[in-house]
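Novice: heads up, no residue letters with this:
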C-alpha cells in the first residue's frame, strides 16, 4: 500500500503526497528545503508553487547548493499563484491535472527521474470561492500521483486556517504533518483503488460525501475499507450516495475489505437494493 | 371448505389474540385448530416459536407442517424491538403473493429476563397501532401460564385485545389500549449495580463512543459485539446532540449476565414506534435507532416530558 498516515519529517518517496501544515516560518523553510533536497538527491526536477514556497529558496544554498544555477538550467522552477493561473487558467481540477501531467512527462523526457512539487496554497484555501475546487484538485492530484506518473508533492497550508478548511485539505492527502484531530479520516488513491482509512461519523460524513463526488474513476471503481476503523450511519450514507452516483453513470463499485459490521449495516439500511455494490475480501 | 369459514372468520382488521396454555396438551389444543384453519384457507401461515415448541407442533401437524413457515423466535425475537419490522416484512410478502397472513408468535417464552418481558409487553401493546391501517391479518400469542412470572401472565391479558378460547376469541376484559403510552412514558427502573456516568455534547461524539467501546471490551464482549455497541453509542449520542437538546448523559454498568449502556437527554420522543420500523429509504433521519434495534440484544426506549432514555443491554 502507498505510504499514508502522520509524518514528522518532510521526507518523501516518489508518488508520495504530503500535506504539511506549518505555523512557524523557520521550521517551514527547513521543511521545504529538506523536501526539495530529497528530490534533488533522487534526480527529480523541482518546482516551487506559491510565493511563500518560493521565498524558502532564499538561503536554501546549504540544502540545495547552487540555487541560481539550478534555476538557470531548469532543474528548479518557480510559479507564483498568478503565474500558475496564467499557464493553467483559473483553478479547475482537470486543467491542473493536465498541466502537471504534462510537466511530469516533460521532466522525464528531459532526463529527470520525476517531478517534485512543493506548493503553498493557503490563500486559495482561505478563499471561499476557490476552496471547494482546491479540495477537489487535491483529490484529483492524488490520483495522478498514485498512478506512478513520476510526480511527488508537498502541499503546504498555514495552521491558522479555520479547522474545517484544514480538515478538508488534510483529508484528501495520504500523508500529513499537522493537527490530527481536524481529520479523523483520509481518502486517497493506491494504484487503481480508492482507500478510506480512519473513522467517519456524522461530523465528517458531509465532507466525505463531497470528496467522493469529486473522485475520478475509470469504467469501474474499487473502494478499499480495510483500514477503516469506524463508520456510522451518516458515513455509510455518504458511501451509498457515491455508489448510487456511480451506478447512475454505469460504473460498478467494488468495496474491498469491509468489516462484517459494515456489510451488515449496508443490508439493514436497505442499501443492498438502492446502492448495489460488490463486497470483496481485502487483497494486497 | 374455504367457503364455509372464510366469510365467518376472515378478519377485516388486524386481530391480536393471546393463548394462555398450561401444558403441551393445552398448547396444541389452542394452536392446532388455528393453524389448520389457516392452511385450509390457503393463508400464509407462519409460526415463530422456540425450537422445542416448534418440534411439538410439527409432530402434531404431520405432513401439513410442510406448508407452514417456521421461524425460531429466540433468534427473531431476541430483541422484541425488531419484531414489528419482522411482522411488517412477513405481511408485505404475503400480501404481495395475494395471500392473507396468519401468525403464531411466542416472544415471551419462559426463561427470559425481566427487562425482556417488559419489552415484550410494550411490543405487544404497540402492535395494534403498528398494524391498524394495513392489510388485515391474525396473530396468536401463546403464553405459558405455569412457567411465566405472574406479572407477565397478567400483562398478557392487558396487552392483547382478545383471549383465545376453544370457541373463538373473546374480548380481554383487562385489555388496556392506553397502556402503551403509559409504559413508554414511564422511566425505566434504576440499576442496582454501581454505575459509571458521564456527559457528552456536540464535540464529544468520538470520545463517547470510544468510552463505550472500551467498556464493552472490559465486560468481555467479542470484537464484533463491542463494535456494534460502539456504533450504537455513536448513533444514540448523535440523536441526543441533534434532537435531544444538544447534549446528554451516559451511564454504563455491568450485571451478572449483561453489559448495559444508557443514553439520556432532555428531548422528548413522541412516537413510541420510533426505531421499530425503517424510516423509508428516502429519509436521511431516523435510521440510527432502527439500526441500534437491529444490532443490539435489547433496546429499551422511554420518553416523556422528563426526557428520553435509551437503555441498550448486551448479554454476556
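Specialist: Perfect, I can see it now. Everything numeric in this text was worked out from a predicted model, so none of it was measured.

Novice: interface residues of chain A facing chain B?
Specialist: Residues of chain A lying close to chain B (C-beta under 8 Å from any C-beta of the partner chain) are A:184, A:199, A:201-203, A:230, A:232-234, A:237, A:259-261, A:264-265, A:268-270, A:273-274. The C-beta positions use only the backbone N, C-alpha and C, and glycine is treated the same way.

Novice: of those residues, just the buried ones, ChimeraX syntax please.
Specialist: The following ChimeraX line selects those of the residues of chain A next to chain B that are buried, judged by 16 or more other C-beta atoms under 10 Å in any protein chain shown:
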select /A:184,199,201,202,203,230,232,233,234,237,259,261,264,265,268,269
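
Novice: per-residue pLDDT, residue 33?
Specialist: All of this refers to chain A. We have a pLDDT of 96 for residue A:33.

Novice: meant chain B actually
Specialist: For residue B:33, pLDDT reads 96.

Novice: how far away is it from chain A?
Specialist: Look at residue B:33 and chain A: by C-beta to the nearest C-beta, to the nearest Å, they are 37 Å apart.

Novice: okay, now that residue: neighbour count?
Specialist: Residues contacting residue B:33 under the criterion other C-beta atoms under 10 Å in any protein chain shown number 13.

Novice: how about residue B:55?
Specialist: For residue B:55, the count of nearby residues is 12 (other C-beta under 10 Å).

Novice: low-confidence ranges, the chain, go.
Specialist: Picking chain A for this. Applying pLDDT under 70 to chain A flags the ranges A:283-284.

Novice: actually chain B
Specialist: Applying pLDDT under 70 to chain B picks out residues B:1-10, B:281-282.

Novice: any idea which helix is longest in it?
Specialist: helix B:223-243 (DSSP state H).

Novice: and that helix, does that touch chain A?
Specialist: Yes - Helix B:223-243 is in contact with chain A by C-beta under 8 Å from any C-beta, via B:224, B:227-228, B:230-231, B:234-235, B:238, B:242.

Novice: how about the residues you listed, which pair is most distant?
Specialist: Between any two of these, the greatest separation by C-beta to C-beta is 26.8 Å, found for B:224 and B:242.

Novice: contact residues of the stretch 101-250 of chain B facing chain A?
Specialist: By the rule C-beta under 8 Å from any C-beta, the part of the stretch 101-250 of chain B lying against chain A is B:205-206, B:209, B:224, B:227-228, B:230-231, B:234-235, B:238, B:242.

Novice: could you save those residues as a markdown table and add columns showing distance to residue A:60?
Specialist: As requested, these are exported to a markdown table (distance: C-beta to C-beta, whole Å):
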| residue | distance to residue A:60 |
| --- | --- |
| B:205 | 44 |
| B:206 | 40 |
| B:209 | 46 |
| B:224 | 53 |
| B:227 | 49 |
| B:228 | 54 |
| B:230 | 48 |
| B:231 | 50 |
| B:234 | 47 |
| B:235 | 52 |
| B:238 | 49 |
| B:242 | 51 |
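
Novice: quick check: residue B:284 is in a helix.
Specialist: No - secondary structure of residue B:284 (DSSP: H, G, I helix; E, B strand; the rest coil): coil, not part of a helix.

Novice: what sits against it?
Specialist: residue A:237 (C-beta atoms under 8 Å, 6 or more residues apart in numbering or on different chains).

Novice: residue 216: neighbour count?
Specialist: Using chain A here. Using other C-beta under 10 Å, residue A:216 is surrounded by 16 other residues.

Novice: oops, wrong one, chain B.
Specialist: Residue B:216 is flanked by 24 other residues according to other C-beta under 10 Å.

Novice: how close does the closest residue to it other than its chain neighbours get to residue B:211?
Specialist: Distances taken as C-beta to C-beta, 6 or more residues apart in numbering or on different chains put residue B:226 closest to residue B:216, at 3.9 Å, once the chain neighbours are dropped. Relative to residue B:211, residue B:226 is positioned 12 Å away (C-beta to C-beta, to the nearest Å).

Novice: could you do residue B:113 as well?
Specialist: Using C-beta to C-beta, we find residue B:113 at a distance of 25 Å from residue B:211.

Novice: looking at the two, which is more packed in?
Specialist: The neighbour count for residue B:113 versus residue B:211, taken as other C-beta under 10 Å, is higher for residue B:211 (19 against 15).

Novice: so what's residue A:281 up against?
Specialist: A:256-257.

Novice: over to it: give its phi and psi.
Specialist: Note on residue A:281: backbone dihedrals following degrees, to the nearest 10 are phi -70, psi 160.

Novice: name the residues of stretch B:71-85 that are buried.
Specialist: Buried residues in stretch B:71-85 (16+ other C-beta under 10 Å): B:71, B:73-74, B:76-85.

Novice: and the end-to-end length of it?
Specialist: 15 Å (C-alpha to C-alpha, to the nearest Å).

Novice: all helices in the stretch 101-250 of chain B, in order from the N-terminus.
Specialist: Along the stretch 101-250 of chain B, counting by DSSP state H, counting those that start in this stretch, helices occupy B:114-130, B:150-159, B:179-185, B:205-218, B:223-243.

Novice: pick out the residue of the stretch 101-250 of chain A closest to chain B.
Specialist: For the stretch 101-250 of chain A and chain B, the shortest gap (C-beta to the nearest C-beta) falls at residue A:232, measuring 4.5 Å.

Novice: quick one, phi/psi of that residue?
Specialist: Phi and psi for residue A:232, reported as degrees, to the nearest 10, are phi -100, psi -170.

Novice: what packs against the host helix or strand of residue B:253?
Specialist: If you go by DSSP states H and E, residue B:253 is part of strand B:248-254. Judged by 3 or more C-beta pairs under 8 Å, 6 or more residues apart in numbering or on different chains; DSSP states H and E, strand B:248-254 is in contact with strand B:196-200, helix B:205-218, helix B:223-243, strand B:258-265.

Novice: buried set for the longest one?
Specialist: When burial is assessed from 16+ other C-beta under 10 Å, helix B:223-243 yields the following buried residues: B:225-241, B:243.

Novice: next: stretch B:60-68.
Specialist: B:60-61, B:65, B:68.

Novice: do stretch A:40-58 as well
Specialist: Buried, per 16+ other C-beta under 10 Å, within stretch A:40-58: A:40, A:44-50, A:52-57.

Novice: among those residues, which are in strands?
Specialist: Using DSSP state E, A:44-49 are the members of these that sit in strands.

Novice: just the residues you listed now: which is nearest chain B?
Specialist: Of all those, chain B sits closest to residue A:49, with 34.6 Å by C-beta to the nearest C-beta.

Novice: tell me which residues touch the closest one, please.
Specialist: The neighbours of residue A:49, taking C-beta under 8 Å, 6+ apart as the test, are A:78-79, A:81, A:84, A:117-121.

Novice: I'd guessed residue A:238 sits against residue A:213; true?
Specialist: No - taking C-beta atoms under 8 Å as the definition, residue A:238 is not a contact partner of residue A:213, at 9.4 Å.

Novice: more neighbours, these two?
Specialist: A side-by-side neighbour count of residue A:238 and residue A:213, using other C-beta under 10 Å, places residue A:238 first with 23 against 13.

Novice: any idea how far residue B:118 is from that one?
Specialist: Distance, residue A:238 to residue B:118, by C-beta to C-beta: 37 Å.

Novice: repeat that for residue B:37.
Specialist: From residue B:37 to residue B:118 the distance is 32 Å (C-beta to C-beta).

Novice: just give the nearest non-adjacent residue to residue B:275, would you?
Specialist: That would be residue B:289: by C-beta to C-beta, 6+ apart, it lies 3.1 Å from residue B:275.

Novice: meant to ask about residue A:165
Specialist: Counting by C-beta to C-beta, 6+ apart, residue A:125 is the residue found nearest to residue A:165 once chain neighbours are left out, at 5.4 Å.

Novice: now residue A:1
Specialist: Counting by C-beta to C-beta, 6+ apart, residue A:1 lies nearest to residue A:190, which is 5.4 Å off, once chain neighbours are set aside.

Novice: hang on, the one you found packs against residue A:223?
Specialist: No - using C-beta under 8 Å, residue A:190 makes no contact with residue A:223, being 10.9 Å away.
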